[in-house]
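*Asks:* Mind looking at a prediction? Sequence and model below.
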Amino acid sequence: LSPATQVHAVAAGAAGKLAFSSAPQTLVAGDCSSVATVQPFDAFDNPATTTANATLALSTVWPGITFFSDSSCTVAATTAPLPAGAAAASFYFRGTTSGAAVLSVTAAGFTAGTQTETVNPGPARKLAFFVQPLGAIALQPLTPDVQVIGQDDFNNRATGFTGSVAVALGTNPGAATLSG
């Protein structure tokens, strides 16, 4: 008996869940993301195509995330189309609140897909009081100590800010002084 070979073609099953196929992204607050891509998969995690048009709902509970349909982040979107026969849908996003943002994509007939994206604060653009004194008593030190931080354009704490800060009294009818 001589060896025999037989070729089998294995096709993916019906698309039933959504998953991100693009890598998680890290961006600076206010910047437009690179393309985010979502694919349909079958029950065995094989990439699949859709048999009918689907509309992906884009959402997050993280504040400051906006979704877009274009790479310059000018056309806002809350959905992304996944046409019949398509193997992927794409969109873009911008975040203005720093932290870990979990993005979700859902569609009728599919298990939802999620992915965590990181939004870092931008460079310091302004100063803000981080800790303010609770009250002042004449000739006594302010408590707690006044703390000033750098913030980006979206009020995120600019973690790389190390500049010197000068604090001065504005209207000062009592001739108070600052020291320390």
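*Replies:* Noted; the coordinates are in hand.
*Asks:* Run a quick neighbour tally on the closest residue to V61 other than its chain neighbours.
*Replies:* Among residues not flanking V61 along the chain, V102 sits closest, at 7.2 Å (Cβ to Cβ, 6 or more residues apart in numbering). Bear in mind the C-beta positions are built from the backbone N, C-alpha and C, glycine included. By the criterion of other Cβ atoms under 10 Å, V102 has 13 neighbours.
*Asks:* Whatever helix or strand V102 lives in pairs with which strands?
*Replies:* Using DSSP states H and E, V102 sits within strand 99-106. Using DSSP bridges, the neighbouring strands of strand 99-106 in the sheet come out as strand 54-60 (antiparallel), strand 113-120 (antiparallel).
*Asks:* So, low pLDDT: which residues of this protein?
*Replies:* For the chain, the stretches flagged by pLDDT under 70 are 173, 178-180.
*Asks:* Now do the strands in it.
*Replies:* 17-20, 26-28, 36-41, 54-60, 65-68, 79-82, 89-95, 99-106, 113-120, 126-131, 147-151 (DSSP state E).
*Asks:* among the strands paired with strand 99-106, which is nearest T97?
*Replies:* T97 lies closest to strand 113-120 among these, at 6.5 Å (Cβ to Cβ).
*Asks:* That closest one versus strand 36-41: what angle between them?
*Replies:* If you take axes from the mean of the first three to the mean of the last three Cα atoms, to 10 degrees, strand 113-120 sits at 160 degrees to strand 36-41.
*Asks:* re the thing from before, contacting residues around the residue nearest to V61?
*Replies:* Neighbour list for V102: 60-62, 114-117 [criterion: Cβ atoms under 8 Å, 6 or more residues apart in numbering].
*Asks:* Looking at the residues you listed, which one is closest to A138?
*Replies:* Of these, the one sitting nearest to A138 (Cβ to Cβ) turns out to be W62, at 45.5 Å.
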